[in-house]
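Asker: make a model of this:
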Amino acid sequence: MKTILVITQRAGLLATVKTKMEARGYRVSGLDNSAEAQIPVREKKVDFVLFDVETALSEGPDALNLLRGLNPTVPVVVTSLIKPVD
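Answerer: Below you'll find the model as predicted:
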């Protein structure tokens with residue numbers, strides 16, 4: 001079973017991803033910061049990282065580079081739920 005790690009401070013986003021992806025056979029875990037994600041990413045205990053842009057921005061641009069550097073084979077996608085301004 002493949003594992004998706006969701007890094008977000010939004011409980012609703014994690015709940016939505018869990019519901020949708022667990023129904024498709026994935027295991028989903030969540031963390032609210034990239035520092036806690038370092039060990040599972042480095043040890044390849046996850047197959048995919050979904051990084052909420054709001055969390056990424058609050059931690060700074062180096063957070064994404066850090067995760068990518070720990071294990072470049074683990075895909076990291078930054079997502080956003082920010083509504084555009086009209």
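Asker: grab the nearest non-local neighbour of Thr73.
Answerer: Of all residues not flanking Thr73 in the chain, Lys44 sits nearest, at 7.3 Å (C-beta to C-beta, 6 or more residues apart in numbering). The C-beta positions use only the backbone N, C-alpha and C, and glycine is treated the same way.
Asker: show me where pLDDT drops low in this protein?
Answerer: Within the chain, the stretches with pLDDT under 70 are 60, 81-86.
Asker: how about the longest helix seen in it: buried residues?
Answerer: If you go by DSSP state H, the chain has its longest helix at helix 11-22. By neighbour count on 16 or more other C-beta atoms under 10 Å, the buried set for helix 11-22 is Leu13, Leu14, Val17, Lys18, Met21.
Asker: from those residues, which two are the most distant?
Answerer: Leu13 and Met21 (11.9 Å; C-beta to C-beta).
Asker: I figured Met38 hits Leu67, correct?
Answerer: Actually, residue 38 is Gln. It isn't Met. Yes - Gln38 lies in contact with Leu67 (C-beta atoms under 8 Å); the separation is 7.5 Å.
Asker: more neighbours: which of these two?
Answerer: More crowded of Gln38 and Leu67, by other C-beta atoms under 10 Å: Leu67, with 22 against 15.
Asker: the more buried one touches Arg42, doesn't it?
Answerer: No - the criterion here is C-beta under 8 Å, and Leu67 misses it with Arg42 at 9.2 Å.
Asker: so how far is Pro61 from the residue nearest to Phe48 when sequence neighbours are not counted?
Answerer: Closest residue to Phe48 apart from its sequence neighbours, by C-beta to C-beta, 6+ apart: Ile4 at 4.8 Å. Distance from Ile4 to Pro61, counting by C-beta to C-beta, to the nearest Å: 22 Å.
Asker: neighbour-wise, which of the two wins?
Answerer: Using other C-beta under 10 Å as the criterion, Ile4 and Pro61 rank with Ile4 on top: 19 against 9.
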